[in-house]
Structures are given as C-alpha cells and as structure tokens.
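*Asks:* Sequence first, predicted model second:
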Number of protein chains: 2
Amino acid sequence: MTHRTPTPDDTRYLMDTIYVIGGKWRLLIMLSLSQGHTRFSDILRSIPGITPRMLSRELKHLELNKIVVRELNDDTDNTDYRVTVYCQSFDPVVQAMVEWGRQHLENIKADQFRPRAVK
Amino acid sequence: MTHRTPTPDDTRYLMDTIYVIGGKWRLLIMLSLSQGHTRFSDILRSIPGITPRMLSRELKHLELNKIVVRELNDDTDNTDYRVTVYCQSFDPVVQAMVEWGRQHLENIKADQFRPRAVK
DNA sequence: CCGAATCCAAAATGATACTG
DNA sequence: CAGTATCATTTTGGATTCGG
C-alpha cells in the first residue's frame, strides 16, 4: 500500500522541505553534483541559465547546511565540491521531480501529434 | 532496480518541474486541496502564513495551468476549488517531499535526545 | 465573512564586468 | 579557474481597502 491519507502535519513537513530546497537552483546543483561534476565551472556549464553569482551563493548555502562539502585539491590547486549523505537523502525527491518532468514532456509531444477535432 | 544514472536531460526535466511548481505556495495549495479543502477560507486557514493575496494569485495561476478547477456552487453561492487529474500527477513529488520533511524532523528529534560527547 | 485589487517594501534573481 | 562587485529587474509579501 503506497498511498497515505494526507494529514495536517503533512503541510508542515512539506513546508519544511520547500524551505530547505527553496529557490530555483538548489536541487539543480545537487543533481549536477550527483552527476559527477565537482568543479565550479563544470557545475556552471551543466545548469543552463545559472550565473556565477547564484551558483556561488547557493553553494555557500548548501555548504553551511551540510548538503555539500568543499575540498581543496592540493595537487591541482582546485576547489572540488562533493555531495554528502545528507544531500543523498533528497534523491527520492529529485527522482520524483525528474520523472514528472519526463512524463510531462512526453504528454506534450503526444498531444502535439494527436489530431484534434476542429470546431 | 529503482536507481537510474542521471543524464544531462534530467537537468532539463528537473528545471521544467521546478518551473511549474515553483514558489513557496503551489504545492502547499495542491496538498490542501487533496486534503479535501475546497473553499478559499478553508485553504487559507490550512496553510500557515499564506495571505489572501498570495492564495488568490496562486489559485489563478493553478487554474490557468489546468491544475485546479474553479466551480461556482449555485446553492450556497460559493466558489469551490477542486484538483484535476493533472494535479494528481504531482502526488509522487508531494509524497516524496512530505516524507523527506517527516524524516528530517525525526532526525532532528533523535539528535536532540542523543547524548553528546562534551569536549 | 469571502474574495480580490491597490500601493508599497523587501527579498530573490539576473546581467555584466571585474579581480586574484 | 573560481569566484566578487555593482546595478537592474523580477518576484514576493504586508498592509490596507473595497465590493459582494
């Protein structure tokens, strides 16, 4: 049984989650990191439309909240960002949202190619 | 096998989803509706902190995007808001986020009651 | 009391240029 | 490469008000 009846508490839980991952970019950054990107410029390129300003700010926020860690690579003198286990706890949320987006695009495509009745 | 390797396309799917449900209130309104609230004031009361202004605006957005429908009840002369099947397609996302929030609260509680080593 | 509109303040985000 | 600084724009929210 995968269905639960929603309770008023669910509203609180949902608010908390929205608060933590709020904004346009945090989940996208987490996804980029989980795709294996570790360097600032790589993450920047992997997320269409994000600016260095927002990436820098959001990485700082995510680091403060223990969602990512920042490491200095002594050899290459580069900064690497990595996910934490805490970040991985968002995987089900990200998966559900990615899946919704994929389905949505499929639906749009299907509707475009399906003939419609004309008035 | 429930795990997928993330692809660059996933970034696009995730962006689309964030765009559609973006903001602080939309998912909360959908949850409230799925909890059975149909009237403006009921929804308003069920979401702590939301103002009539934001609820009104977001309901309008959700209606335009076919996520909710607005019905006039002729008997009581009241407006009823109801979810659509499109709205229900977000259930997995909402469930995942509610579940994350619940776990998060449990973790916080557990940590608070677990004795810590003192320096 | 329900639902929406108006005006204004604050916060989030964007564009662009620039630094070590 | 890894960010910062500055300024413009957009989004969000508060307070108030107004008509059913």
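*Replies:* That came through fine.

*Asks:* Going by C-alpha atoms from here, please, whenever you check contacts or count neighbours.
*Replies:* Fine.

*Asks:* need the longest helix for chain A.
*Replies:* Among all segments of chain A classified by DSSP state H, the helix with the greatest residue count is helix A:91-113.

*Asks:* Helix, strand, or coil at the closest residue to DNA strand C within chain A?
*Replies:* When scored by C-alpha to the nearest atom of the strand, chain A has A:G23 as its residue closest to DNA strand C, at 3.3 Å. A:G23 falls in the coil class when you classify it by DSSP: H, G, I helix; E, B strand; the rest coil.

*Asks:* Tell me the spacing between it and B:N73.
*Replies:* A:G23 sits at a distance of 37 Å from B:N73 (criterion: C-alpha to C-alpha, to the nearest Å).

*Asks:* who's more crowded, those two?
*Replies:* A:G23 (14 against 10; other C-alpha atoms under 10 Å in any protein chain shown).

*Asks:* Near the nearest residue to A:P92 once chain neighbours are set aside, how many other residues are there?
*Replies:* Across the structure, with C-alpha to C-alpha, 6 or more residues apart in numbering or on different chains as the measure, the residue nearest A:P92 apart from its sequence neighbours is B:A96 (6.1 Å). Other residues near B:A96 come to 21 when the count uses other C-alpha under 10 Å.

*Asks:* so who does B:A96 touch?
*Replies:* For B:A96, the set of contacting residues under the criterion of C-alpha atoms under 8 Å, 6 or more residues apart in numbering or on different chains consists of A:92-93, A:96.

*Asks:* what's the closest non-adjacent residue to the most centrally placed residue in chain A?
*Replies:* Chain A has A:L27 as the residue nearest its centroid, 1.9 Å off, counting by C-alpha atoms, centre = their mean. Once its chain neighbours are removed from consideration, A:L27 has its nearest residue in A:I21; the separation is 6.5 Å (C-alpha to C-alpha, 6+ apart).

*Asks:* Does the one you found touch A:L28 like I think?
*Replies:* No: contact criterion C-alpha atoms under 8 Å: A:I21 and A:L28 do not qualify, at 9.9 Å.

*Asks:* Which residue of the two possesses the greater neighbour count?
*Replies:* Here A:I21 and A:L28 are set side by side on neighbour count (other C-alpha under 10 Å), and the busier one is A:L28, at 23 against 16.

*Asks:* Now do the SS call for the nearest residue to A:E99 once chain neighbours are set aside.
*Replies:* Nearest residue to A:E99 in three dimensions, chain neighbours excluded: B:Y13, at 7.4 Å (C-alpha to C-alpha, 6+ apart). Under the three-state scheme (three-state DSSP), B:Y13 adopts helix.

*Asks:* State the pLDDT value of B:Y13.
*Replies:* B:Y13 carries a pLDDT score of 95 in this model.

*Asks:* How much space separates A:N73 from DNA strand D?
*Replies:* A:N73 sits 9 Å away from DNA strand D when distances are taken as C-alpha to the nearest atom of the strand, to the nearest Å.

*Asks:* Can you tell me the closest non-neighbouring residue to that residue?
*Replies:* Counting by C-alpha to C-alpha, 6+ apart, A:N73 lies nearest to A:T79, which is 6.0 Å off, once chain neighbours are set aside.

*Asks:* Does the one you found fall in a helix, a strand, or a coil region?
*Replies:* Per three-state DSSP, A:T79 ends up strand.

*Asks:* Contact partners for it?
*Replies:* A:39-40, A:70-73.

*Asks:* From these, which land in helices?
*Replies:* Counting by DSSP H, the contacts of A:T79 place A:F40 in helices.

*Asks:* Tell me which two of the contacts of A:T79 sit farthest apart.
*Replies:* The largest separation in the contacts of A:T79, counting by C-alpha to C-alpha, is between A:F40 and A:N73 at 13.0 Å.
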